[in-house]
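In: Any chance you could fold what I've pasted below:
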Amino acid sequence: MLAPEVWNFKPPSVALQVEKGSLKNARECVEFCVSNHYFNHSVSLILPSDCKLPISLSNGPGKESEYYKIRDLPVLELISPNFIRNFVKQGNSSALSIGTNIDSDTCVCLTPTGMLVLSLERVAFERLGLEGKPSFFCRMKPPSRYVVKIDLTETCFKPNKKNYERVVRCLMHNLKIRTDMILSWDPPDSSVCPSSVASYFSSLGYEVSTGRKEISTKKLMEVQIPKSIMEIDTEEALEWLGAISVGVDTNEWCDLSTGLFAEEDFNNLPAQFHQWTGFYTSRQITSFLEELMSYFRSQKDIPWISLSVQGFEDSAVHWKLDENYFHQSAENSYSILLDHNGKYVLWKTLGANRKFKTKSK
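Out: Predicted structure coming up:
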């Protein structure tokens with residue numbers, strides 16, 4: 001017989017931050033959340049309407065640009081003078097190692113601000129020989145994980161400077177980090193093709209392929225839509241929106257909704273759910289949100305819209321340069337709900353930003 005306490009696991013802890021109010025007075029908060037979430041894996045849109053989205057929106061964020069997968073790329077290539085000059089200091093490059101686990105492997109990312117971040121196990125960190133800090137989430141001594149940050153935009157980070165030459169020497173001789181990466185480049189202006197970065201790495205002899213994007217659409221003929229979704233409890237509203245996203249069937253949906261609202265608080269309306277999956281930069285999400293809001297303002301028959309963005313669980317950072325939680329859940333996502341009265345609700349969900357506790361006998 002199995003001991004019952006063996007299976008008595010608590011769910012992974014997450015932190016939910018909620019902001020709500022007038023978008024006119026808090027637009028900067030929403031823009032900050034969107035622009036500083038650098039690595040985005042999926043984007044979901046819920047519309048309580050049967051209207052047809054314009055092509056510019058139905059194709060999702062980054063419709064005019066692709067992201068690319070580069071196999072077995074040495075991290076040394078990301079600090080080459082040509083790459084920094086053409087793709088870091090001009091436009092914005094976002095790159096992320098794939099096929100690596102944040103809790104056990106070396107994870108690499110390049111933020112659009114030009115910061116190269118290495119998340120390393122202790123042995124790899126000691127071999128590398130560069131300055132870094134212990135992971136915030138490691139309690140043990142010596143720490144089991146370290147984070148190294150290299151600012152590629154510093155004026156002193158160039159050939160023949162001590163700092164640059166030291167980084168090159170460590171990545172060339174001490175620890176030769178090679179990994180599969182996905183990369184997207186937002187050029188400085190529309191006259192430059194985003195695929196230039198793919199051509200650059202291909203000319204160096206690396207295997208470069210176009211990343212895979214998936215589009216999913218669901219249309220629901222008749223759904224019980226809350227009349228005043230902005231006025232209900234924010235966590236319950238988020239759960240209700242999540243029910244749509246995961247495809248809860250109509251009967252179960254009604255049972256769930258009955259517990260949240262009174263029956264007279266509903267309207268039976270059609271609804272649609274769109275999801276785009278791939279690799280999207282923060283600039284692409286920002287542009288998509290601006291276009292979506294412009295469309296929403298012109299459609300007075302749509303009472304509200306909801307946009308949800310999910311990050312990568314194994315990215316070294318989530319918002320800005322904040323280290324990603326890795327002991328239990330590396331959740332990092334946000335959802336935005338907007339209505340025609342200028343009100344908004346913003347949910348940010350991330351793995352609990354606290355150190356993992358261990359019990360000693």
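
In: so what's residue 167 up against?
Out: When contacts are counted by CB atoms under 8 Å, 6 or more residues apart in numbering, residue 167 is found next to 79, 130, 150, 157. Placement of C-beta: from N, CA and C, glycine included.

In: mind showing which ranges of the stretch 251-361 of the chain have poor pLDDT?
Out: Within the stretch 251-361 of the chain, the stretches with pLDDT under 70 are 251-267, 326-330, 351-361.

In: For the contacts of residue 167, pick the one with the most neighbours.
Out: The most crowded member of those is residue 150, carrying 22 neighbours; neighbours defined as other CB atoms under 10 Å.

In: Could you check which helix or strand contains it?
Out: For residue 150, the enclosing helix or strand under DSSP states H and E is strand 145-151.

In: quick one: strands adjacent to that strand?
Out: As defined by DSSP bridges, the strand partners of strand 145-151 come to strand 115-121 (antiparallel), strand 133-134 (antiparallel).

In: next structured bit after it?
Out: Sequence-wise, the next helix or strand beyond strand 145-151 is helix 162-169, with elements assigned using DSSP H and E.

In: May I see the buried residues of that next one?
Out: In terms of neighbour count (16 or more other CB atoms under 10 Å), helix 162-169 has its buried residues at 164, 167.

In: neighbours around residue 182, how many?
Out: Residues contacting residue 182 under the criterion other CB under 10 Å number 19.

In: and the one helix or strand it maps to, what does it pack onto?
Out: Using DSSP H and E, residue 182 sits within strand 178-186. Helices and strands touching strand 178-186, as assessed by 3 or more CB pairs under 8 Å, 6 or more residues apart in numbering; DSSP states H and E, comprise strand 68-74, strand 92-97, strand 107-110, helix 196-203, strand 266-280, helix 282-298.

In: and of these, who's closest to residue 33?
Out: Set against residue 33 and scored by CB to CB, the helices and strands packed on strand 178-186 come closest in helix 282-298, at 9.7 Å.

In: Let's see that closest one as PDB, backbone CA atoms only.
Out: Output of helix 282-298 as PDB, limited to C-alpha atoms (Å, rounded to 0.1, in the frame of the first residue of the first chain):
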ATOM      1  CA  SER A 282       8.400  42.400 -27.600                       C
ATOM      2  CA  ARG A 283       8.400  44.900 -30.400                       C
ATOM      3  CA  GLN A 284       6.200  42.700 -32.500                       C
ATOM      4  CA  ILE A 285       3.800  42.200 -29.700                       C
ATOM      5  CA  THR A 286       3.700  46.000 -29.100                       C
ATOM      6  CA  SER A 287       2.900  46.700 -32.800                       C
ATOM      7  CA  PHE A 288       0.300  44.000 -32.800                       C
ATOM      8  CA  LEU A 289      -1.400  45.400 -29.600                       C
ATOM      9  CA  GLU A 290      -1.500  48.900 -31.100                       C
ATOM     10  CA  GLU A 291      -3.100  47.600 -34.300                       C
ATOM     11  CA  LEU A 292      -5.600  45.500 -32.300                       C
ATOM     12  CA  MET A 293      -6.600  48.500 -30.100                       C
ATOM     13  CA  SER A 294      -7.200  50.600 -33.200                       C
ATOM     14  CA  TYR A 295      -9.400  47.900 -34.700                       C
ATOM     15  CA  PHE A 296     -11.200  47.500 -31.400                       C
ATOM     16  CA  ARG A 297     -12.100  51.200 -31.200                       C
ATOM     17  CA  SER A 298     -13.700  51.000 -34.600                       C
END
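
In: Strand partners (parallel or antiparallel) of the very next helix or strand once past it?
Out: Proceeding N to C from helix 282-298, the next assigned helix or strand is strand 304-311, under DSSP H and E. According to DSSP bridges, strand 304-311 has the following sheet partners: strand 40-47 (antiparallel), strand 332-339 (antiparallel).

In: what residues does the last one touch?
Out: The one in question is strand 332-339. Taking CB under 8 Å, 6+ apart as the rule, strand 332-339 contacts 23, 30, 33-34, 37, 229-230, 237-238, 241, 289, 293, 296, 303-313, 315, 318-319, 324, 344-351.
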